[in-house]
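Visitor: Predicted model, plus sequence, below.
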Amino acid sequence: MSIEMQSLLQVEAVSRRFGGLVAVKDLDLEVRPGEIFGLIGPNGAGKSTTFNVISGFLAPTSGKVTFAGKALPGGKAGAASQAGLVRTFQHGSYVRNMSVRDNIRLGTLARIAPGNRIAKVREAADLLGLTEMLDEIAGNLPHGLQRLVSIAISIAAAPKLLCLDEPLTGLNETEVTTVLRVLNGYRESDGRAILLVEHNMKAVMKICDRIHVLHHGEFLASGNPAEIQNNPKVIEAYLGQANAS
Ligand SMILES: Nc1ncnc2c1ncn2[C@@H]1O[C@H](COP(=O)(O)OP(=O)(O)OP(=O)(O)O)[C@@H](O)[C@H]1O
């Protein structure tokens, strides 16, 4: 494996300010091909801001993001998604008044050749158990299924790095199990990787290979799930409250 491909995503000394507030400070992290990488921390820790910078929805105030060996231009979401870095949003990423099929098809537009799009839509719907609902209007589905539609859209884009912002919020146990199975299967093919921001600690500890903890916009700890769960600093700053809720 070449040196560049040892890390699929590299975040180096990234900071992001909003006026006087430093939302993310001097952050370094890397995501390697084939892994599920968790980014966790209390509310306001800077996870979404980090996500927005990585996916090009926000320019960093300083620092650099490299994806698949190339520096990404800050604040250019189109460049990131064209390169294969695809994200979802905390409150769902789908069009309410379009069918599930047309929503998933949107995911294919940037990176899938026109002749392969129908098959890709079917494949993503099948993975997430949405095949029976392809003709339903997405906004009419129960909340849990709407979240699955958002994930299907992002998977239909065939990303090299799938960035999921709180994908499990509001899902029931069966739906959580479905999503975890899909994510595990996804990263097992072609060195794809997943960057996961999530407050469901049981799921994070079950599925992530490595976890990075943020607190007040700064690095607090990193390690595998067992290391993170037993880290006194992480327990004090986050896991104590996360486990209690
Ligand atoms: N567009 C913005 N303008 C001003 N301040 C912002 C903006 N976006 C985020 N912030 C602030 O930056 C800090 C980090 O917020 P961020 O949303 O990144 O945290 P988070 O870890 O994702 O939190 P949560 O778990 O609640 O989603 C917070 O203090 C937040 O109020």
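Guide: Nice, thanks for sending it over.
Visitor: Let's verify the closest residue to E188 other than its chain neighbours: helix, strand, or coil?
Guide: Of all residues beyond its chain neighbours, the one nearest E188 is G34 (7.5 Å), with distances taken as CB to CB, 6 or more residues apart in numbering. The C-beta positions use only the backbone N, C-alpha and C, and glycine is treated the same way. Local secondary structure at G34 is given as coil here, using DSSP: H, G, I helix; E, B strand; the rest coil.
Visitor: where does G34 fall, phi/psi-wise?
Guide: phi 90, psi 0 (degrees, to the nearest 10).
Visitor: ok, now which ones touch it?
Guide: Applying CB atoms under 8 Å, 6 or more residues apart in numbering to G34 gives the contacts 187-188, 191-193.
Visitor: Surely L196 and L161 touch.
Guide: No. Proximity of L196 to L161 does not meet the contact threshold set by CB atoms under 8 Å, at 11.0 Å.
Visitor: host element of K233?
Guide: K233 belongs to helix 232-234 when assigned by DSSP states H and E.
Visitor: so where's the protein shaky on pLDDT?
Guide: Using pLDDT under 70 as the threshold, the predicted model of the chain has low-confidence ranges 1-5, 92, 241-245.
Visitor: And L8, how far from the ligand?
Guide: Going from L8 to the ligand by CB to the nearest ligand atom, to the nearest Å gives 22 Å.
Visitor: So what's the residue count around D102?
Guide: The burial metric for D102, expressed as a neighbour count using other CB atoms under 10 Å, is 16.
Visitor: how about the nearest residue to it, chain neighbours excluded?
Guide: Using CB to CB, 6+ apart, the nearest residue to D102 is V95, at 7.6 Å.
Visitor: just P159 next, same as before
Guide: Nearest residue to P159, sequence neighbours excluded (CB to CB, 6+ apart): V86, at 3.6 Å.
Visitor: ok now do that neighbour, which residues does it touch?
Guide: Counting by CB under 8 Å, 6+ apart, V86 touches 107, 154, 157, 159, 161-163.
Visitor: Is it possible to get CSV of those residues that adds secondary structure, neighbour count and distance to the ligand?
Guide: Shown next, in CSV, are the contacts of V86 (DSSP: H, G, I helix; E, B strand; the rest coil; neighbours: other CB atoms under 10 Å; distance: CB to the nearest ligand atom, whole Å):
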residue, secondary structure, neighbour count, distance to the ligand
G107, helix, 27, 23
S154, helix, 24, 18
A157, coil, 22, 23
P159, coil, 23, 21
L161, strand, 24, 18
L162, strand, 25, 18
C163, strand, 25, 13
